[in-house]
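[1] test case, fold it:
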Amino acid sequence: MRWARMCVQEAQEAGEGGEEKGRSMSSQAAGNQTASGAADDYSDWYLDEPQDGQELPAEGAVPSCHPSVLSGLLHTCLAVLSVLVLLLLAVLMRRRQLRPRCRHGGPRLPSPVDFLAGDMTWTVPAAVFMVLFSSLCLLLPAEDALPFLTLASFPSGDGRTVTLRGPWKILSLLYYPALYYPLAACATVRHGAAHLLGSMLSWAHFGVQVWQRAECPQTPQIHKYYSLLASLPLLLGLGFLSLWYPVQLVRSVRRRPGVGSEGLQSSYSEDYLRTLLCRKKLASSSRASKHGFLSRAWVSYRNYIYTPQRGFRLPLKLVLSATLTGSAIYQVALLLLVGVVPTIQRMRAGITTDICYLLAGFGILLSEDKQEVVGLVKYYLWALEACYISALVLSCSLTFLMLIRSLVTHRTNLQALHRGAALDLGPLPQHPHPSRQAIVCWMSFSAYHTAFTCLGLLVQQIIFFLGTTILAFLVFMPMLHGRNLLLLRHLESSWPFWLTLSLAVILQNTAAHWVFLETHHGRPELTNRRVLYAVTFFLFPINVLVGAMVVAWRVLLSALYNAIHLGQMDLSLMPPRAAALDPGYYTYCSFLKIEASQSHPATTAFCTLLLRTRQPRRPQDGLRRGEEEEGMQLLQTKDPAARGVGSRARQGRARWGLAYTLLHNPALQAFRKPALSGA
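    Numbering: from 1, shown residues only. All right, here's what the predicted structure looks like:
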C-alpha cells in the first residue's frame with residue numbers, strides 16, 4: 001500500500017511539472033510571435049500546396065489546348081460547305097439527265113456510292129468509309145458529341161455536375177455520314193464540275209484536320225497521343241481524296257467531250273465473260289506446268305492467301321468490308337495498346353519498398369531483402385507487359401490472316417453463284433430472287449463485318465493474354481528461376497493420377513492395334529471379343545476420368561476456335577443443321593445472293609451488247625457487223641495467229657456459253673416465259 005501511494009504521488013508531481021512547463025513554452029511561443037509581428041506568413045512553408053485556390057496539375061497530365069480558331073467554327077464552315085456542294089451536285093444531276101423531258105423535274109441527290117456497279121472505282125468509297133469509321137472512333141472518347149456544339153452541365157440531386165451526352169452521341173452517328181456524303185457523291189457524278197467541287201471539299205476537310213492536329217497534338221483522353229494516332233487513317237483517306245479529285249479534274253479537262261460519258265462500256269464484264277469462255281484453252285495450256293514442287297506450292301498458297309485472278313473482281317461491298325476490317329484492327333489495337341501499356345509502365349516506375357508491406361498483408365513473402373522484393377515486382381510487371389503485347393500482336397496477326405483467307409472464300413462462293421450453283425445453307429430458302437430480309441442483310445453486311453472484327457479482336461486479346469500470362473507465371477518463369485513452382489509441385493504430388501490416365505490410354509490403343517484387330521484378305525476384322533468386353537468393363541471408371549479431361553480439352557479448343565473465327569462471317573460457328581441460327585452467316589449468304597442476282601457480270605455484258613446494238617456506230621468502237629449477235633467480241637484473243645483458226649468452232653462455243661450463262665443466271669429466271677405466264 002505504501003508503495004502504491006508513493007507511485008501515485010510521483011505521477012501527480014510529474015503531471016503538475018509538465019503543465020507548468022507547457023504553460024511556459026506556450027507563453028514563450030506567444031511572445032516570439034508577438035515580437036515577430038504580423039509580417040510572418042507560415043503558409044509559405046508549404047511549397048507544394050496550390051496558391052490562390054488553384055489545383056496543381058498531376059504528373060504527366062496534358063495541359064489544356066487553346067487553338068487559334070475554335071473547332072466548332074471550323075466544323076460549322078465544313079457543314080455549310082458540304083450542304084452547298086450537295087445542292088450544286090443535285091442541280092448538276094438535273095442538267096445531265098439522259099432524256100430531255102426529265103430536265104423539267106426537280107433536282108435529284110446523287111448516290112454516294114454505286115455499290116452494285118461493276119466498273120465503279122473502289123478507291124474513293126474505301127477512302128471515304130475509312131474516314132467515316134475513323135471519325136466515329138474519335139467520337140468515343142470525345143467530350144463533345146458534336147464538334148460545333150458545347151454541352152452545358154447542370155447539378156444533380158447528389159451535388160455532382162452532370163452533362164447529358166447520350167442523345168447527342170446518337171445524333172452524331174447521323175451527322176458524320178451526312179458530313180461526308182458530298183465528299184463521296186462527287187465521284188459518282190463523273191463530271192468535271194463535280195471533280196472541282198470534290199477537290200475543294202477534300203482540301204477543306206484535309207486542311208481542317210491537319211490544322212487541328214498541328215495546333216493540339218496532345219489530348220487528355222486515354223493517352224496524350226491517342227487522338228493523333230487514331231486520326232492517321234482519317235488523314236490518310238482525306239489526303240488521298242485531296243490528290244485523287246484534282247487528278248480526275250485534269251483528266252476530265254483533257255478528255256474530249258462526249259467520250260466515255262454514257263457509261264455503256266463494260267470492260268470488267270467483258271473480261272469476265274471472255275475469261276469464262278476461254279477457260280478450257282487456258283486450263284489445257286497450263287496443265288503441263290502443274291507437276292513441279294514450286295507449282296504445287298503456288299497452288300496451295302493461292303488456296304489460302306488471296307491473290308488477284310484474271311477476269312474476276314471482288315464486289316465493291318467486299319472491298320469496303322476488307323478496308324474497314326483493316327481500319328478496325330488498327331483502331332482496336334491502338335486502343336488496347338495505349339489504354340493498358342502506359343498504365344503498367346507507370347505502375348512499374350512507381351514501385352517502392354512499401355510494396356513489401358502490401359504483400360505481407362496478403363501473406364506473400366518474396367524475400368527478406370526489400371530491394372530484392374522491389375526488383376522482383378518490377379520484373380513481374382515487365383513480364384505482364386510482355387505477355388500483353390505478345391497477345392495483342394498474335395491477335396492482330398490472326399485476325400489479318402483470317403481476313404486474307406476470307407477473301408479467297410468470297411471469290412469461290414461468288415464464282416459458284418455466277419455459275420448457277422446453290423450454296424449449302426441447310427434450311428435457308430434457296431430461291432435466287434431478292435427478298436426483304438436479303439436486302440436488309442445486304443445493306444448491313446459491311447457494318448456487321450466491322451463490328452464482328454472489333455469484338456472478335458477484343459475476345460482474342462482477352463483469351464490470349466490470359467493464356468500467355470498463365471504459361472509465363474506458372475511454367476516458364478518458375479522453371480527459369482527455380483521459385484514459385486506451384487504448378488510443377490501440384491503435378492509432382494498428383495503424378496499417380498496422370499500416370500494412370502496415360503497408361504490407360506496407351507493400353508487401349510495398343511490392344512486395339514495388336515489384339516482386337518486382325519487382317520484377313522486385306523481387310524481388318526474384329527477379334528478376341530471376350531477380351532475386348534472384359535477390358536471395356538474394367539477400364540470404365542478410368543475412362544470416365546479420361547472423358548473429363550477430354551471434355552476440358554474440347555471446351556478449350558472450341559473456345560479458341562470460335563474466338564479466332566468470330567470475326568469471319570463466311571464461316572458458321574454452329575453445326576450445319578443450325579447454320580440458319582447464326583446471324584452472321586445468314587447475313588453473309590443473303591448478301592451473296594443479292595450480289596449474284598443484281599450485279600452478275602455476264603448479265604451486265606449481255607445488256608451492254610444489247611444497248612450497243614441500238615446506238616449508232618462510232619469509229620472508235622472498232623466492232624464489226626454481227627459481233628454483238630454472236631458475242632465474238634468476247635472471244636477476241638490477243639494472239640493474232642489464232643484469230644483466223646476455227647471461226648465456226650468459236651461461234652459455237654460462244655453461243656453455247658451464252659445459252660448456258662442465260663439459263664443459269666439468277667437475275668433472268670424471273671423473266672422467263674413460264675414464270676411470266678404463271679404469274
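
[2] what ranges in the stretch 401-550 of the chain fall below the confidence cut-off?
    Along the stretch 401-550 of the chain, the parts satisfying pLDDT under 70 run over 421-433, 482-484.

[3] and the helices in it?
    Secondary structure of the stretch 401-550 of the chain by DSSP state H, counting those that start in this stretch: the helices cover 436-471, 477-481, 486-493, 495-514, 529-538, 540-564.

[4] for those helices, which one ends up most surrounded?
    With neighbours defined as mean count of other Cβ atoms under 10 Å, the helices of the stretch 401-550 of the chain peak in mean count at helix 436-471, which reaches a mean of 18. In this view, the C-beta of every residue, glycine as well, is placed from N, C-alpha and C.

[5] now that helix: how far from the chain's centre is it?
    7 Å (Cα atoms, centre = their mean, to the nearest Å).

[6] packing partners of it?
    Helix 436-471 is packed against helix 316-349, helix 370-418, helix 540-564, helix 583-598, with contacts defined by 3 or more Cβ pairs under 8 Å, 6 or more residues apart in numbering; DSSP states H and E.

[7] what's the neighbour count on residue 80?
    Neighbourhood size, residue 80 [other Cβ atoms under 10 Å]: 10.

[8] nope, residue 323 is what I meant
    Per other Cβ under 10 Å, the neighbour tally for residue 323 reads 22.

[9] okay, the helices and strands packed on helix 436-471, which one's buried deepest?
    Each of the helices and strands packed on helix 436-471 was scored by mean neighbour count; the highest is helix 583-598, a mean of 22, by mean count of other Cβ under 10 Å.

[10] returning to that earlier point: how about a markdown table for the helices and strands packed on helix 436-471, with distance to residue 75 added?
    As requested, the helices and strands packed on helix 436-471 are arranged in a markdown table below (distance: least, Cβ to Cβ, whole Å):
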| stretch | distance to residue 75 |
| --- | --- |
| helix 316-349 | 21 |
| helix 370-418 | 32 |
| helix 540-564 | 39 |
| helix 583-598 | 34 |
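
[11] still on that earlier bit, so which of the helices of the stretch 401-550 of the chain gets nearest residue 406?
    Nearest to residue 406, of all the helices of the stretch 401-550 of the chain, is helix 436-471, at 9.1 Å by Cβ to Cβ.

[12] got the angle for that closest one vs helix 486-493?
    Interaxial angle of helix 436-471 relative to helix 486-493 (axes from the mean of the first three to the mean of the last three Cα atoms, to 10 degrees): 80 degrees.

[13] show residues contacting stretch 344-362.
    By Cβ atoms under 8 Å, 6 or more residues apart in numbering, the list of residues contacting stretch 344-362 from outside reads 60, 365-366, 370-371, 373-374, 377-378, 381-382, 384-385, 388.

[14] ok, stretch 436-453 next?
    Outside of stretch 436-453, the residues within contact range by Cβ under 8 Å, 6+ apart are 129, 133, 317, 320-321, 324-325, 328-329, 332, 399, 403, 566-569, 584, 586-588, 590-591, 593-595.

[15] any chance of a markdown table for the helices of the stretch 401-550 of the chain, columns distance to residue 650?
    Supplementary listing: these in a markdown table, determined by distance: least, Cβ to Cβ, whole Å:
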| stretch | distance to residue 650 |
| --- | --- |
| helix 436-471 | 37 |
| helix 477-481 | 71 |
| helix 486-493 | 72 |
| helix 495-514 | 60 |
| helix 529-538 | 67 |
| helix 540-564 | 48 |
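
[16] the helices and strands packed on helix 436-471: which one's closest to residue 251?
    Distances from residue 251 to each of the helices and strands packed on helix 436-471 were compared using Cβ to Cβ; the minimum, 21.2 Å, belongs to helix 316-349.

[17] tell me what angle that closest one forms with helix 370-418.
    With the same axes, to 10 degrees applied, the angle from helix 316-349 to helix 370-418 works out at 180 degrees.

[18] what's the angle between helix 316-349 and helix 583-598?
    Using the same axes, to 10 degrees, the interaxial angle of helix 316-349 with respect to helix 583-598 works out to 150 degrees.

[19] chain center to helix 316-349, what's the gap?
    Helix 316-349 has its C-alpha centroid displaced from the chain centroid by 9 Å (Cα atoms, centre = their mean).

[20] over to stretch 462-477?
    Between the centre of stretch 462-477 and the centre of its host chain there is 25 Å, according to Cα atoms, centre = their mean.

[21] pull the residues that contact that stretch.
    Taking Cβ under 8 Å, 6+ apart as the criterion, the residues outside stretch 462-477 that touch it are 380, 383-384, 386-388, 390-392, 394-395, 484, 486-487, 559-560, 563.

[22] stretch 546-563 too?
    With Cβ under 8 Å, 6+ apart as the criterion, stretch 546-563 contacts 456, 459-460, 463, 501, 504-505, 573.

[23] for residue 79, give its distance to residue 198.
    From residue 79 across to residue 198, the span is 17 Å (Cβ to Cβ, to the nearest Å).

[24] which of the two has more neighbours?
    Higher neighbour count among residue 79 and residue 198: residue 198, with 27 against 16, using other Cβ under 10 Å.

[25] could I get the contacting residues of the more buried one?
    Contacts here follow Cβ under 8 Å, 6+ apart; on that basis residue 198 touches 183, 186-187, 241, 245, 248.

[26] in the strand or helix carrying it, what counts as buried?
    Secondary structure assigned from DSSP states H and E places residue 198 in helix 192-215. Neighbour-count burial for helix 192-215, counted by 16 or more other Cβ atoms under 10 Å, picks out 192-206, 208-209, 212.

[27] tell me which helix or strand comes right after it.
    Helices and strands here follow DSSP H and E; after helix 192-215, the next one along the chain is helix 226-230.

[28] buried set for that following helix?
    Residues 226-228, 230 are the ones in helix 226-230 that count as buried (16+ other Cβ under 10 Å).

[29] just put those in a markdown table and tack on distance to residue 91.
    Conversion of these to a markdown table gives the following (distance: Cβ to Cβ, whole Å):
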| residue | distance to residue 91 |
| --- | --- |
| 226 | 42 |
| 227 | 38 |
| 228 | 39 |
| 230 | 37 |
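
[30] rebuild those as TSV, extending it with pLDDT and distance to residue 137.
    Below are the buried residues of helix 226-230 laid out as TSV (pLDDT from 0 to 100; distance: Cβ to Cβ, whole Å):
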residue	pLDDT	distance to residue 137
226	86	10
227	85	10
228	88	13
230	90	6
